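Engineer: Below are the sequence and a predicted model for it; my questions follow.
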Amino acid sequence: MQTSDPFIQIDNVRRAFENSIALDGVSVSFERGAFSVLLGPSGCGKSTLLRLIAGLDQPTAGVIWVEGKDVTALPPSGRDLSMVFQSYALFPHLSVAQNILFGLTVRRTAKADMSRRLAVVAQMMGLSAFLDRKPAQLSGGQQQRVALARAVISERPICLMDEPLSNLDAKLRAEMRVELRALQQKLRLTVIYVTHDQVEAMTMADKIIVMNAGRVDQVGTPEQIYTRPASTFTAGFIGTPPMALFDPVDLAGGPVPQVRQPHVIGLRPEDIHLSHSGPTARLTGVEYLGADRLISAQAGQTAFIMRTPASAPLPAPKFRFGWLAASASVFDATTGKRLPQYDFPTPSLAQKDTTHETA
Ligand SMILES: Nc1ncnc2c1ncn2[C@@H]1O[C@H](COP(=O)(O)OP(=O)(O)OP(=O)(O)O)[C@@H](O)[C@H]1O
């Protein structure tokens, strides 16, 4: 079960390399039993942060705490955690059983204890029938399960995962997302999971840490991050297609908030609808997706996409559109930061803990 005490705390961590700054003053905490996801584009510093937590690398400055203990200088062996990598890192010459048991063998665990734990974990991961095979005789999904089983059998409370599903095809990845989340909840593991895939983050996370250029952009539940992005960066990174960012002039005639400073207004594709009144747009494209359509359009200087049910009529070449005032996000045009004073309260968020939001 998830609790709110910070299990792992990253305190103002910086990691500079010769030619780049991978992490630039990152402070974030991870709760016990929670599935936390580090999400961001390539090069934003996710893997560097995970490696620092693992002890595979040292920060240039800052402190890493686990259960109130400063572990910054401890080697990986001194930290009570397991890791699962994108590459699986299985030994090709060892059997599935030997691969799963590798860490326990190195630690000279008693034979009887090893076989008992192997039986339990193999059963749990659906690997009982494959224990004598070599990794090459398994599918990609089965190999990934072996890598997970090796982490699970260590019975360590913290599991760090770096893009563990990215080598799998789309269907298997979707299945493994569900499996992984169920496993994490069953074992009450504290998982820190690195991905650049927003679907993985949205579907599995209790908490998402959105990173951009070595900094934390926003921390929140998937719902908080989707409905109230802290910046134009997160607004544009999350959502397929992402939030459209309008010059307010192009929305004149609609329910726009009165904001004095230069600003932009963000609307999600599903929050925009055809209307008899409101601003005018020019239709530029239609993409049929089965259940719904993506309508590309241009309003003044702003290109945007709206999502309509496939059963809805197609818009005319020139059409009017509207949106619910409460669905709009307002951002400072200069800094790109959200202006929360223009948020309408939304019931589903009002009950949630928002203390982690950086905005
Ligand atoms: N060992 C290193 N030496 C020099 N620069 C490095 C090293 N490791 C990472 N970097 C740089 O630090 C920045 C962050 O890299 P990092 O691998 O943490 O990003 P990431 O978000 O995990 O990206 P990806 O999703 O592509 O793995 C990048 O600019 C990268 O080039």
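Structural biologist: Perfect, I can see it now.
Engineer: what is the rounded mean pLDDT of stretch 219-236?
Structural biologist: Taken as a whole, stretch 219-236 carries a mean pLDDT of 96.
Engineer: what about it, start to end distance?
Structural biologist: Start-to-end span of stretch 219-236 (C-alpha to C-alpha, to the nearest Å) is 16 Å.
Engineer: Could you do stretch 124-136 as well?
Structural biologist: By C-alpha to C-alpha, the extent of stretch 124-136 from end to end equals 21 Å.
Engineer: Pull out the buried positions in that stretch.
Structural biologist: Buried residues in stretch 124-136, counted by 16 or more other C-beta atoms under 10 Å: Met124, Met125, Leu127, Phe130, Leu131, Lys134, Pro135. Bear in mind the C-beta positions are built from the backbone N, C-alpha and C, glycine included.
Engineer: Show me which of the residues you listed is closest to Gly266.
Structural biologist: The closest of the buried residues of stretch 124-136 to Gly266 turns out to be Met125 (C-beta to C-beta; 41.9 Å).
Engineer: wouldn't the closest one be in contact with Ala147 here?
Structural biologist: No - if you go by C-beta atoms under 8 Å, Met125 and Ala147 don't touch, sitting 10.1 Å apart.
Engineer: mean confidence score for the host helix or strand of Val210?
Structural biologist: Using DSSP states H and E, Val210 falls within strand 207-212. Average pLDDT, strand 207-212: 97.
Engineer: now do stretch 180-200
Structural biologist: Averaged across stretch 180-200, pLDDT comes to 91.
Engineer: ditto for stretch 96-104
Structural biologist: The model assigns stretch 96-104 a mean pLDDT of 92.
Engineer: Now do it: everything it contacts.
Structural biologist: With contact meaning C-beta atoms under 8 Å, 6 or more residues apart in numbering, stretch 96-104 is reached by 82, 90-91, 94, 105, 113-114, 117-118, 121-122, 127, 130-135, 138, 146, 149-150, 153-154.
Engineer: Any buried residues in that stretch, and which?
Structural biologist: Val96, Ala97, Gln98, Asn99, Ile100, Leu101, Phe102, Leu104.
Engineer: same thing with stretch 47-64?
Structural biologist: Ser47, Thr48, Leu49, Leu50, Arg51, Leu52, Ile53, Ala54, Gly55, Pro59, Gly62, Ile64.
Engineer: Also stretch 153-162?
Structural biologist: For stretch 153-162, using 16+ other C-beta under 10 Å, the buried residues are Ile153, Ser154, Arg156, Pro157, Ile158, Cys159, Leu160, Met161, Asp162.
Engineer: quick one, phi/psi of the one residue in the stretch 151-300 of the chain that gets nearest to the ligand?
Structural biologist: Distance from the ligand to each residue of the stretch 151-300 of the chain (C-beta to the nearest ligand atom) is smallest for His196, at 5.0 Å. Per-residue torsions, His196: phi -110, psi 10 (degrees, to the nearest 10).
Engineer: looking at it, it is touching Pro41, isn't it?
Structural biologist: Yes - contact criterion C-beta under 8 Å: His196 and Pro41 qualify, at 6.0 Å.
Engineer: Among the two, which residue is more densely surrounded?
Structural biologist: Neighbour totals were compared for His196 and Pro41, and His196 leads with 18 against 13 (other C-beta atoms under 10 Å).
Engineer: Quick one: residues contacting the more buried one.
Structural biologist: Listed by C-beta under 8 Å, 6+ apart, the contact set of His196 reads Leu39, Gly40, Pro41, Ser42, Lys46, Glu163.
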